[in-house]
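Trainee: The sequence isn't on hand, but the structure is:
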């Protein structure tokens, strides 16, 4: 199936739209958390591009594109911003033919899941919302239950 046949879902954090991609998918959250630790922008982008190449779903396209936009913001250097722009261009070359994965915590080690849990536990949403989105809360509840955290 070619990528033109998909109506790609747009992620707009300021509007609630039917069909907005849920970014709380465990594999993506693990990749995002691991990418945060990579300081070299080229390596960080290659790591995330490898993920989207391995898991080319339209939902992952929206997740990665949003991540690239948001991750580029703190960089002041034009060279770094250009790398993120090229990363977004790369996203347009992929055929998005895979179905989105369900959240299956059993596919990951407890260490990987704790990495995600600790990262998301610190996340603040006050720049966008009054409180954490329901999708975040539900994901964290499921993750805590799986890990036996009370």
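Mentor: Perfect, I can see it now. Here the structure is a predicted model, which is why all the values come from computation and not from measurement. Residues are numbered from 1 along each chain as shown.

Trainee: what about residue 49, helix or strand, and which?
Mentor: helix 41-54 (DSSP states H and E).

Trainee: Now do the closest residue to residue 140 other than its chain neighbours: how many residues are near it, please.
Mentor: Closest residue in space to residue 140, ignoring its immediate chain neighbours: residue 120 at 6.0 Å, by CB to CB, 6 or more residues apart in numbering. Just so you know, the C-beta spots here come from the backbone N, C-alpha and C atoms, and that holds for glycine as well. Neighbourhood size, residue 120 [other CB atoms under 10 Å]: 17.

Trainee: do the same with residue 59
Mentor: Neighbour tally, residue 59, other CB under 10 Å: 21.

Trainee: Wait, it touches residue 24, no?
Mentor: No: using CB atoms under 8 Å, residue 59 makes no contact with residue 24, being 11.2 Å away.

Trainee: coming back round to it: so which bits of the helix holding residue 49 are buried?
Mentor: 41, 44-45, 48-49, 51-52 (16 or more other CB atoms under 10 Å).

Trainee: Please apply the same query to stretch 89-106.
Mentor: 90-91, 96, 100, 103.

Trainee: Tell me the span between the first and last residue of that stretch.
Mentor: 34 Å (CA to CA, to the nearest Å).

Trainee: centre of the chain versus that stretch, how much separation?
Mentor: Distance, stretch centre to chain centre, for stretch 89-106: 11 Å (CA atoms, centre = their mean, to the nearest Å).
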